[in-house]
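Enquirer: pasting a predicted model and its sequence here:
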Amino acid sequence: MENKNVIYKSLIKALAATTTGVMLSLVAPAQTALAQDVAAIAAEVGLPDFTKVVERTESGVVNIRTTESVPVRRPMSGGPGGDPYDMFRWFFGPDFAPPGVDPRGPRGQAPGVPDQQERTVPRGVGSGFIISDDGYILTNNHVVANANGIFVTLTDGKEYPAKIIGTDERTDVALIKIEAKNLPALKIGDSNTLKKGQWVLAIGSPFGLESTVTSGIVSAINRDTGDYLPFIQTDVAVNPGNSGGPLINLSGEVVGVNSQIVSRSGGFMGISLAIPIDEAMRVVEQLKAHGRVTRGRIGVQITPVAEDVAKALGLTDSKGALVSSVEENGPAAKAGIQAGDVILKFDGKKIDQMSDLPRIVGSVKPGENAPAEVWRKGKAVNVKIQVEEMPSNDAKPTPTASKDTAPSETDALGLSVEAVSPEELKRLGVPSAVRVVQAGEPASGVGLQNGDIILRINDSDVGTLAQYGKLVAGLDKSKPAAVLVLRSGQSQWVLITPAK
């Protein structure tokens with residue numbers, strides 16, 4: 001390559017010394033050779049050529065425009081059929097009327113409620129892509145939500161009205177259909193194989209500019225933003241209008257659905273988020289079959305596993321989901337799950353972080369018995385939970401405490417406690433517990449309060465007052481004890497170093 005560069009430099013110097021006519025005759029072939037050599041260099045160093053990918057996939061991406069109905073106020077006019085006092089009401093309020101004039105106006109409408117008409121106006125522009133040759137199209141829910149008209153334009157300029165097959169607000173996935181045949185469907189890839197640094201393309205209609213192609217790399221995978229799904233993060237330029245369009249790998253396969261951007265300006269700032277195509281297609285299958293999505297639930301509330309708590313519980317790392325409360329008579333309670341358990345696996349899948357559990361449980365078909373591995377009292381316990389269907393409004397119980405029996409004396413944790421009645425234990429869904437009557441140091445210093453329910457100390461359940469007293473008396477005062485505390489229906493592990 002160095003020799004070729006020397007030749008090109010010599011050629012340029014020679015051309016500069018020639019007449020214009022000779023220069024033109026030499027530059028054309030030199031430019032052709034140079035272009036070919038640049039392409040060869042790009043291939044040699046591994047730079048991607050996107051042209052073939054775009055040629056194979058562009059026709060499968062569509063533009064989606066939507067319309068909506070908006071109310072139209074009747075004109076303020078004193079003409080025939082109009083109200084001559086509309087203009088005055090605009091300034092002085094809806095009840096204005098001169099003496100002797102009916103404030104309801106000539107049409108008899110209520111004050112301040114003008115005649116309403118509706119007209120259809122453009123609502124927005126988005127993108128989508130064809131997933132089957134008979135007209136099924138995948139896009140984002142927010143692209144088509146609340147629209148009274150959906151129109152799909154193909155790359156050849158043909159436009160079709162579309163109908164909604166089903167939408168899922170939780171994952172922001174929508175399935176729509178047009179009446180057309182032999183459409184160029186895109187090939188669905190496997191988002192589980194994505195790696196950081198991998199080249200990807202986005203095709204869509206940013207700001208209404210159809211068939212726009214942008215490129216970038218995968219910046220992160222399984223990006224948790226607090227939403228129901230983990231996202232693919234990229235630095236592909238995605239702007240308003242790209243929503244619902246495909247994220248494509250260099251094999252021409254769809255690996256994601258462009259959905260969100262992280263931006264302070266409303267435009268692209270280097271962070272784009274896409275729904276993994278595996279997750280999106282699972283939703284599509286249900287939308288296509290039933291028009292809606294059903295999800296599983298097990299009736300627990302969870303929190304992250306803090307690193308110091310994991311260490312105190314004997315876990316090797318802070319992975320998993322810590323059960324803070326268990327719904328009475330719910331699926332988890334029936335399977336024996338207890339507050340304070342750490343769920344490590346569900347349905348054969350590892351729970352690396354707390355947010356993994358709702359997604360995995362939600363993907364299980366209601367009615368199925370799913371295996372779960374939980375960490376309890378220093379060892380792993382395997383159970384099976386029959387998953388129930390998640391209702392639209394999932395009410396969560398909020399247990400409360402009640403007074404019972406005489407309190408104990410203040411102990412090494414700084415606590416004075418009392419027993420909990422069998423009736424309340426049943427309502428709380430716990431086998432045994434004591435209630436804090438008075439919280440002092442060191443317990444109060446880490447947040448314990450009067451009325452808190454203590455369920456477990458380290459690996460031992462709290463039983464009677466006497467058993468609790470023995471547990472506290474036997475604590476090693478040189479290291480913190482892990483205490484499982486229930487408050488307002490939520491339980492969490494708290495580390496307390498006993499007083500010496």
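Expert: In hand now; what should we look at?

Enquirer: now for the strand or helix carrying residue 309, which elements pack on it?
Expert: Remark: residue 309 resides in helix 307-313, with elements defined by DSSP states H and E. Using 3 or more CB pairs under 8 Å, 6 or more residues apart in numbering; DSSP states H and E, the elements in contact with helix 307-313 are strand 481-487, strand 490-496. (Each C-beta comes from the backbone N, C-alpha and C, glycine too.)

Enquirer: quick one: distance of it to the chain centre.
Expert: 28 Å (CA atoms, centre = their mean, to the nearest Å).

Enquirer: using PDB, list the CA coordinates for that helix.
Expert: C-alpha atoms of helix 307-313 as PDB (Å, rounded to 0.1, in the frame of the first residue of the first chain):
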ATOM      1  CA  GLU A 307     -24.000  -6.100  48.700                       C
ATOM      2  CA  ASP A 308     -23.600  -6.000  52.500                       C
ATOM      3  CA  VAL A 309     -26.900  -7.900  53.000                       C
ATOM      4  CA  ALA A 310     -25.800 -10.600  50.500                       C
ATOM      5  CA  LYS A 311     -22.600 -11.000  52.400                       C
ATOM      6  CA  ALA A 312     -24.500 -11.300  55.700                       C
ATOM      7  CA  LEU A 313     -26.800 -13.900  54.200                       C
END
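
Enquirer: buried ones in it?
Expert: 309, 310, 312, 313 (16 or more other CB atoms under 10 Å).

Enquirer: what of stretch 454-465?
Expert: Those buried within stretch 454-465 under the rule 16+ other CB under 10 Å are 454, 455, 456, 457, 458, 461, 462, 465.

Enquirer: what helix or strand is residue 259 on?
Expert: Using DSSP H and E, residue 259 falls in strand 253-261.

Enquirer: rewinding a little: which among the buried residues of helix 307-313 gets closest to residue 277?
Expert: residue 310 (33.4 Å; CB to CB).

Enquirer: so what are the domain limits for the chain?
Expert: For the chain, automatic domain parsing gives the domain ranges 2-45, 49-97+114-291, 296-389, 415-496.

Enquirer: which stretches in the stretch 251-400 of the chain count as strands?
Expert: 253-261, 272-276, 296-297, 300-303, 321-326, 342-346, 349-350, 369-376, 379-386, 388-389 (DSSP state E, counting those that start in this stretch).

Enquirer: of those, give the one that comes closest to residue 417.
Expert: Using CB to CB, the strands of the stretch 251-400 of the chain put strand 321-326 closest to residue 417, at 20.2 Å.

Enquirer: so which of the strands of the stretch 251-400 of the chain gets nearest residue 490?
Expert: strand 321-326 (4.6 Å).

Enquirer: now the angle between strand 490-496 and that closest one, please.
Expert: 120 degrees (axes from the mean of the first three to the mean of the last three CA atoms, to 10 degrees).

Enquirer: elements contacting strand 321-326?
Expert: Using 3+ CB pairs under 8 Å, 6+ apart: strand 321-326 touches strand 300-303, helix 331-334, strand 342-346, strand 490-496.

Enquirer: contact partners for the nearest residue to residue 328 once chain neighbours are set aside?
Expert: Among residues not flanking residue 328 along the chain, residue 429 sits closest, at 4.8 Å (CB to CB, 6 or more residues apart in numbering). Applying CB atoms under 8 Å, 6 or more residues apart in numbering to residue 429 gives the contacts 326, 327, 328, 333, 339, 399.

Enquirer: the fourth one contacts residue 327, correct?
Expert: Pointing back at residue 333 there. Yes - between residue 333 and residue 327 there is a contact under CB atoms under 8 Å: 6.3 Å.

Enquirer: who touches both of those two?
Expert: 299, 429.

Enquirer: and the two? which has more neighbours close in?
Expert: The neighbour comparison of residue 333 against residue 327 (other CB atoms under 10 Å) goes to residue 327, with 21 against 18.

Enquirer: near the closest residue to that one other than its chain neighbours, how many other residues are there?
Expert: Ranked by CB to CB, 6+ apart and with sequence neighbours excluded, the top spatial neighbour of residue 327 is residue 299, at 3.4 Å. Here the count is done by other CB under 10 Å, and residue 299 has 24 residues near it.

Enquirer: wait, residue 299 touches residue 331, no?
Expert: Yes - with contact defined as CB under 8 Å, residue 299 reaches residue 331; the gap is 5.3 Å.

Enquirer: overlap in contacts, the two.
Expert: Common neighbours of residue 299 and residue 331 (CB under 8 Å, 6+ apart) are residue 388.

Enquirer: end to end, how far does stretch 252-271 reach?
Expert: Start-to-end span of stretch 252-271 (CA to CA, to the nearest Å) is 22 Å.

Enquirer: buried residues in it?
Expert: For stretch 252-271, by 16+ other CB under 10 Å, it's 252, 253, 254, 255, 256, 257, 258, 259, 260, 261, 268, 271.

Enquirer: now swap in stretch 242-255 and tell me
Expert: Neighbour count says stretch 242-255 has 242, 243, 244, 245, 246, 247, 248, 249, 252, 253, 254, 255 buried, by 16+ other CB under 10 Å.

Enquirer: repeat for stretch 351-370
Expert: 351, 353-364, 370.

Enquirer: what's the most buried one of the helices and strands packed on strand 321-326?
Expert: Among those, the stretch with the highest mean neighbour count (mean count of other CB atoms under 10 Å) is strand 342-346, at a mean of 23.

Enquirer: so which elements touch the helix or strand residue 437 falls within?
Expert: Assigned by DSSP H and E, residue 437 belongs to strand 434-439. Contacts defined by 3+ CB pairs under 8 Å, 6+ apart place strand 434-439 against strand 415-419, strand 453-457.

Enquirer: go with 6 Å
Expert: Contacts defined by 3 or more CB pairs under 6 Å, 6 or more residues apart in numbering; DSSP states H and E place strand 434-439 against strand 415-419.

Enquirer: tilt between the strand it packs on and strand 453-457?
Expert: Using the same axes, to 10 degrees: strand 415-419 against strand 453-457 is 100 degrees.

Enquirer: please name the bridge partners of the nearest residue to residue 188 once chain neighbours are set aside.
Expert: Spatial nearest neighbour of residue 188, chain neighbours left out: residue 254 (5.4 Å); criterion: CB to CB, 6+ apart. Residues in a beta bridge with residue 254, per DSSP bridges, are residue 188, residue 248.
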